[in-house]
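**Q** Sharing a model that was predicted from the sequence below.
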Amino acid sequence: MFDDRKSIVDKEFVFTQQNFEHVVALINRLSGISLSERKTDMVYSRLARRIRKLNAGDFDNYLDIVESDEEEKVNFINALTTNLTHFFREQHHFDYLRNQFIPELFRQNKRRIRFWSAGCSTGEEPYTLAMVWHDIKNKPIDVDFKILATDLDTNVLDKCRKGIYTEEKLKPVEKEYLKWFKQTGDCRQDEWQINPKLQDYIFFKQLNLMNEWPMKGPLDLIICRNVLIYFDKPTQQSLVRRFNELLADDGCLILGHSENLSAEKGLFTAIGRTIYRKKQ
């Protein structure tokens, strides 16, 4: 065990075990996220930026600010959340939606279809859903389709709404979908703007999964990939039960490649790689 009075990171600011435990308890209380000691260096580097920006002096002073300042609580959460994503990530998920699930909804004669991207990060996931939806042939013309896209991090939601991505971000996009992007025309030639037509499908909103959820459902699809891994097991189980309650009969839940429903398998039927259907 560390001596909680000694620095556990030998860098610009003193960062003690006591500081780290304070961070762990605070981020868990504010967001439900569980941090392990493997994240010590990550926590230090990300929060050190906030200390410099605020000229807070050290971790003790900075954490006192977080405890008392609502705006800095948001910045604290934003700093510690990870937002790694890309268009068409885990392609097999979108193949299933395009080739099986969405056509099935049409056969059920559904006129109101709702998807939820829970943990949408910088927007690549909900925009991919919108591209897949729009390009399906022979859709009924009177379907009311919307995507709710939520994230804990307010900074990434600003990026979502702007819909501007670097050329590097477009590399996973299949040729048939590149039509949805155009260069911004600004001085930066590597920036591409998403077509506003796709934005018409999506409603972006800040949401802490630990709080009450404003939507009432029923939802046809919940896609929550690489989010549950940040919570402890009881919280994961609670979230899965809440997802189940919000889904329509035979609704679809999609998780990330490192997640599973082993603890709550009685609620869902596995039909593919981290693709589940609600049991009726």
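**A** Sure, I can see it. Residues are numbered from 1 along each chain as shown.

**Q** and stretch 237-253, which residues are buried?
**A** 237-240, 243-244, 246-248, 251-253 (16 or more other CB atoms under 10 Å). C-beta here means a position set from N, CA and C on the backbone, and glycine is covered the same way.

**Q** what's the answer for stretch 49-69, then?
**A** By 16+ other CB under 10 Å, the buried positions in stretch 49-69 come out as 50-51, 56, 59, 62-63, 65-66.

**Q** same question, stretch 211-218
**A** Residues residue 213 are the ones in stretch 211-218 that count as buried (16+ other CB under 10 Å).

**Q** Now do that stretch, average pLDDT.
**A** For stretch 211-218, mean pLDDT is 90.

**Q** Residue ranges of each domain in this structure, please.
**A** 17-80, 91-278 (automatic domain parsing).

**Q** End to end on the shortest one, go ahead and measure it.
**A** Just to be clear, that refers to domain 17-80. 17 Å (CA to CA, to the nearest Å).

**Q** Can you show me the helices along this structure?
**A** Here the chain has its helices, by DSSP state H, at 17-31, 40-54, 59-68, 70-80, 91-96, 102-107, 124-134, 154-162, 196-199, 233-246.

**Q** sorry, back to before: just so I know, which of the domains of the chain lies nearest residue 11?
**A** Nearest of the domains of the chain to residue 11, taken as CB to CB: domain 17-80 at 6.7 Å.

**Q** which residues does residue 250 contact?
**A** Contacts for residue 250 (CB atoms under 8 Å, 6 or more residues apart in numbering) come out as 277-278, 280.

**Q** In strands, which of those fall?
**A** 277-278 (DSSP state E).

**Q** From the contacts of residue 250, pick the one nearest residue 25.
**A** residue 278 (34.7 Å).

**Q** tell me the pLDDT at that closest one?
**A** So, for residue 278, pLDDT stands at 95.

**Q** And for it, the neighbour number?
**A** Applying other CB atoms under 10 Å, we find 20 residues neighbouring residue 278.

**Q** Mind putting the buried residues of stretch 49-69 into JSON lines with pLDDT?
**A** Below are the buried residues of stretch 49-69 laid out as JSON lines (pLDDT from 0 to 100):
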{"residue": "50", "pLDDT": "94"}
{"residue": "51", "pLDDT": "95"}
{"residue": "56", "pLDDT": "93"}
{"residue": "59", "pLDDT": "95"}
{"residue": "62", "pLDDT": "96"}
{"residue": "63", "pLDDT": "96"}
{"residue": "65", "pLDDT": "96"}
{"residue": "66", "pLDDT": "94"}
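
**Q** Switch the residues you listed over to TSV, and while doing so, append distance to residue 216 to every line.
**A** Shown next, in TSV, are the buried residues of stretch 49-69 (distance: CB to CB, whole Å):
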residue	distance to residue 216
50	36
51	41
56	42
59	42
62	39
63	37
65	37
66	33
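
**Q** Looking at the residues you listed, spot the one nearest residue 194.
**A** residue 50 (30.1 Å).

**Q** ok, now how distant is that closest one from residue 56?
**A** 7 Å (CB to CB, to the nearest Å).

**Q** Could you do residue 92 as well?
**A** Using CB to CB, residue 92 is found at 45 Å from residue 56.

**Q** cool, and residue 234?
**A** Residue 234 is 34 Å from residue 56, by CB to CB.
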